[in-house]
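Engineer: With the input below, show me the fold.
(chains A and B)
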Amino acid sequence: MAILSQDESQAILKKVLSFSTSDECEATLSGSNGGNVRSARNAISTSGAADDVSLAVEARFGKRSGVATCNEFDDATLRRCVQRAEEIAKLAPESPEYMPLLGAQTYIAAPKSFAASTAGITPDFRAMQIGKTMKICDEKKVTSAAFLNDEAGFVAKRNNKGLEAYQQYTNLSFSITVRTPDGTGSGYATGDYNDAAGFDAGTLTQVAADKAAMSRNAKAIEPGKYTVILEPAALVANTDASLLAALMNALDARNADEGRSFLSKKGGGNRKGEKLFDERVTIYSDPTNAEIASLTFAGDGRPQKKMTWIEKGVVKNLYTSRFWAQKSGIPDIPRPGGWIMEGGTQSVQDMIKGTAKGILVTRLWYIRPVDPQTLLYTGLTRDGTFYIENGKIKHPVKNFRFNESPIIMLNNLEAIGKPVRVNGNLVPPLKIRDFTFTSLSDAV
Amino acid sequence: MKRRDFVGLTGLATGALFLPTFPSLGGNPVDPARLLEAVDPAVNKRLADAALNAAKAAGATYTDVRIGRYLNQSIFTREKQVQNIASGESFGAGVRVIANGTWGFAATNTVTEAGLAKAAQLAVQIAKANSKVQKEQVKLAPQQGYGTVSWKTPIQQNAFEVPVKQKVELLLAANAKALENGASFVNSSLFQINEQKYFASTDGSYIDQDVHRIWPTFSVTAIDKASGKFRSRDAMSAPMGLGYEYLTPKAADKIPGPAGSDVIGYKNSYDILEDAAAAAKHARAKLTAKSVVPGKYDLVLDPNHLGLTIHESVGHPTELDRVLGYEANYAGTSFATQEWKAKNIPFGSKQVNIVADKLQPGSLGAVGYDDEGVKTKQWDLIKEGKLVDYQKIRDQAHIVGQKESDGCCYADSWSSVQFQRMPNVSLQPGKEKMSVDEMVSKVDKGIFIAGRGSYSIDQQRYNFQFGGQVFYAIDKGKITGMLEDVAYQANTQEFWNSCAGSCDQSDYRLFGSFFDGKGQPSQVSAVSHGSATTRFNGVNVINTARKIG
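Structural biologist: Residues are numbered from 1 along each chain as shown, chains lettered A, B, ... in the order given. Next comes the predicted model:
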């Protein structure tokens, strides 16, 4: 029952709303099927599957609200769920940040966020893909640890003010770390897709294995300020915080207006409209982009549409709650599902060719905020860090700890490469000057 | 208590659900009254047997089933208003099997005999599919069946029985204290967890456990509008394996920091009002604190700060799954390999004695049995500076030539597969009497650090950088004022070898990590780390100040 069609979903939601006696009522139905397989030491370590469908009902009386959920869909259960939400709402305090439920919305045509190939994945498919990685690594006499995860799901919403929304989605993500038997080399590759037809574990395994072989016996070089080429997986991670995601997470209007953001202005207000980055930096979101198709509506039902966040280095828009938008008289913009950083046509290899001296970084790790005032973050390189000289990788280098702010980084931009999909975003490799490494790590 | 009575008493119920449920807590929002309903162990046994039988019929040679009811309530406030109150419940079952020598796992929220049987069959199907590409068969350390047993966190007051109104009033009172003392903003929250876990396996165990945890916390921000500068200070509470009694402060549980620091530590109970007032003063003081001069300093680390250092630099690298490479793609491996251990290289100075412990009262990690039916225990990890053992689960013990698990296998939900997680890992206090003031009096050039700040460590646990909440300069044996922009960087072995000793048992306290992440798909775990205030000599301190224009 996990993937309900639009008609099936809306039929349940209509019935739910018909049971309501509240001033405002909204029901959200969501469900997913998923599975995963994980390997280590060239063997499968864990593997599982789970499915779930759940209904959440929010009832409101005036500025009072209550929520209840259930995961059975007979009339009696649905009626009880609505009654419970109403009972809770009657007991709740009035919310000082109350906003009425949205009425009918116009959503852009749903993009291809759902692929039957992904929804149809079986345990045998997962075993076959992970088996392929293990075979390649056995042949190369290297050790792999990998993770394959797939999910197919849907979200449907309806309220008694006329809002109606529905969309299906699928996602597959894969990542692999390959280590050499002597423990001196490690390489990494990752990919994610709406449509599993574009996925081949073997291709990504080759990339990681090649990097592992190249990164053996790394040399120590002094920490300091270096020109770096940050691969897309070093800029946005699907396993950790990351520098570009940190920047996007900081584009919140309320924090900026309240004075606790790098976007806060001295004396009050925010820095929207200011040029804070290199003019080549343009970041936007677009749920219909074929490569990163995502939901066309936000959690509260607001439409997601193409939105420019940073244009030619200027902060163009900030996202905000509906309450703060109304209170501050600013545009009512939801947080995006995924985003796109505009880039050029150069590959990482092209960027290496154009570098006299620099460091190539495959992946960053354990990235944590140090100072929200300057958006300073710390973390480390891992799984493939190389010294570049005269347009070629000269030798692997030991991993570094960095202390750097994405704001400073995007002002020290040397070149932008061709964007690729990482964790539902399109991210280009970046060449950055004066990137700050503060210490060395012996970790491989 | 009847459901209606409870809802009436709560007053606020689950109102104001305008923010999403805290993601790490999971579950679906529910009527708070449901949090007091219990599940009959006899029903669970019948359901578990359905899974065990179905898996066996499908060809499993080993099966365990976990029927879990995970309850949580989180309350969020800011300044004078309630932002969100969410009562959540996640109920379902996970079935893990070995078939054809390979693990398989499936989970379902259809908690019926048919639902569990179907999940068991799917788990066997997955195991058999995987066995086609698997080379090594799973080897499980033998485990006796315990029959029907139970365990419960020894709480005095179930936090879910306390009316929501009372809890909200306490948080709003803490916010008021912060605002009265100069805070520009304050966000406070209270997390409460109750895991009702039923475990059964083909070893013959039927284990019923009732686990409780609580975490009151806040963050205070002070802003200087003229300069645009803002600084924050978070709560000095520790999440604990306790009931609501943790929020009834007792004078005997308050431990003052060094003279001149204005820091108060908390042991088994927490005074949130006092701490909120102090936090506001600290946040304001940070706006004008002196920026640290980078260099080598002797560090005096408060237990509420040192706990995280222990967690990252000792707890994680001694997890055997990391040592063996199971986490290589995500959380990383470990420098503390079996070969490294065999060389007897010092992990730390002789002052360093670190114990793994799943029994410690009040700790987040205390349970009676792990999630593969192993009774929990205490054991040594580091003895007089040498690594003597790891943390293990049943399918790893044979790899290091041992015959039993350490009881370290856990899942964060019925829908997650259980795997190796950290027990409480704690630094033993000094055996000789020493107060914090005595320790500080012997430091010529140092920094006293309290509270959990920014933290980052590499994937083999060598290079780390830690910040904190408050920093005080120590000059010639005395605290001389507050510092800012402080972070220390070190190599794990060098750091623990620079350990010059700890204060005694009277200063010993627990730090806690409520949402420790690991695994793919990522799971969270809650764990405590105890220590007394401890000195480390000659640690590299950097200045983290930057200008962004």
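Engineer: CA atoms for contacts and neighbours, from now on please.
Structural biologist: OK.
Engineer: Which elements pack onto the lowest-mean-pLDDT helix or strand in chain A?
Structural biologist: One helix or strand of chain A scores below all others by mean pLDDT, DSSP states H and E: strand A:64-70, with a mean of 87. Counting contacts by 3 or more CA pairs under 8 Å, 6 or more residues apart in numbering or on different chains; DSSP states H and E, strand A:64-70 packs against strand A:43-61, helix A:75-91, strand B:28-29.
Engineer: For residue A:376, which of the ones you listed is the nearest?
Structural biologist: strand B:28-29 (35.3 Å; CA to CA).
Engineer: I'd like the average pLDDT over the following helix or strand past the closest one.
Structural biologist: Counting by DSSP states H and E, the next helix or strand C-terminal to strand B:28-29 is helix B:41-58. The pLDDT scores in helix B:41-58 average 96.
Engineer: Quick check: next helix or strand after helix B:41-58?
Structural biologist: Next element after helix B:41-58 (DSSP H and E): strand B:62-78.
Engineer: got the angle between that following strand and helix B:41-58?
Structural biologist: 130 degrees (axes from the mean of the first three to the mean of the last three CA atoms, to 10 degrees).
Engineer: Strand B:62-78 packs against which elements?
Structural biologist: helix B:41-58, strand B:81-99, helix B:164-180, strand B:185-201.
Engineer: would JSON lines of the helices and strands packed on strand A:64-70 with mean neighbour count and distance to residue B:239 be doable?
Structural biologist: What follows is the helices and strands packed on strand A:64-70, written out as JSON lines (neighbours: other CA atoms under 10 Å in any protein chain shown; distance: least, CA to CA, whole Å):
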{"stretch": "strand A:43-61", "mean neighbour count": "24", "distance to residue B:239": "30"}
{"stretch": "helix A:75-91", "mean neighbour count": "21", "distance to residue B:239": "29"}
{"stretch": "strand B:28-29", "mean neighbour count": "24", "distance to residue B:239": "22"}
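Engineer: Identify whichever of those lies nearest to residue B:96.
Structural biologist: Using CA to CA, the helices and strands packed on strand A:64-70 put strand A:43-61 closest to residue B:96, at 8.7 Å.
Engineer: Distance from the chain centre to that closest one, please.
Structural biologist: Relative to the centre of its chain, strand A:43-61 is centred 19 Å away, using CA atoms, centre = their mean, to the nearest Å.
Engineer: now do stretch B:301-319
Structural biologist: 11 Å.
Engineer: repeat for stretch B:406-420
Structural biologist: 14 Å.
Engineer: How about stretch B:236-255?
Structural biologist: The answer for stretch B:236-255 is 16 Å, by CA atoms, centre = their mean.
Engineer: now what about it, what contacts it?
Structural biologist: B:153-159, B:162, B:211-217, B:264-272, B:275, B:304, B:361-366, B:451, B:507, B:510-514, B:528 (CA atoms under 8 Å, 6 or more residues apart in numbering or on different chains).
Engineer: same thing with stretch A:405-418?
Structural biologist: By CA under 8 Å, 6+ apart, stretch A:405-418 touches A:243-244, A:246-247, A:276-278, A:281, A:343-348, A:351, A:374-377, A:427-435, B:548.
Engineer: Can you tell me the strand partners of the least confident helix or strand of chain A and which way each runs?
Structural biologist: When pairing is defined by DSSP bridges, strand A:64-70 lines up against strand A:43-61 (antiparallel).
Engineer: Buried ones among the contacts of stretch A:405-418?
Structural biologist: Buried residues within these, counting neighbours by 16 or more other CA atoms under 10 Å in any protein chain shown: A:243-244, A:246, A:276-278, A:281, A:343, A:346-348, A:351, A:374-377, A:427-435.
Engineer: among those, which are in reach of chain B?
Structural biologist: A:374, A:376 (CA under 8 Å from any CA of the partner chain).
Engineer: Endpoints of stretch B:105-121, how far apart?
Structural biologist: 10 Å (CA to CA, to the nearest Å).
Engineer: So which of the buried ones among the contacts of stretch A:405-418 are in strands?
Structural biologist: Using DSSP state E, the subset of these located in strands is A:376, A:377, A:427, A:430, A:431, A:432, A:433, A:434, A:435.
Engineer: which among those gets closest to residue B:373?
Structural biologist: Nearest member of those to residue B:373, counting by CA to CA, is residue A:377, at 41.3 Å.
Engineer: ok, that closest one touching residue A:369?
Structural biologist: Yes: in this structure, residue A:377 is within contact of residue A:369 by CA atoms under 8 Å, at 4.4 Å.
Engineer: Could you pull out the helices in chain A for me?
Structural biologist: A:6-18, A:75-91, A:116-119, A:123-140, A:201-214, A:232-235, A:243-249, A:253-258, A:322-328, A:348-353, A:406-409 (DSSP state H).
Engineer: For chain B, tell me whether the second one is touching it.
Structural biologist: What it means is helix A:75-91. Yes: under the criterion of CA under 8 Å from any CA, helix A:75-91 makes contact with chain B via A:84, A:85, A:88, A:89, A:91.
Engineer: Surely the second one touches residue A:68?
Structural biologist: Right, the one you point to is residue A:85. Yes: the criterion here is CA under 8 Å, and residue A:85 meets it with residue A:68 at 4.8 Å.
Engineer: Save the helices and strands packed on strand B:62-78 as JSON lines, and put in mean neighbour count too.
Structural biologist: What follows is the helices and strands packed on strand B:62-78, written out as JSON lines (neighbours: other CA atoms under 10 Å in any protein chain shown):
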{"stretch": "helix B:41-58", "mean neighbour count": "20"}
{"stretch": "strand B:81-99", "mean neighbour count": "26"}
{"stretch": "helix B:164-180", "mean neighbour count": "21"}
{"stretch": "strand B:185-201", "mean neighbour count": "23"}
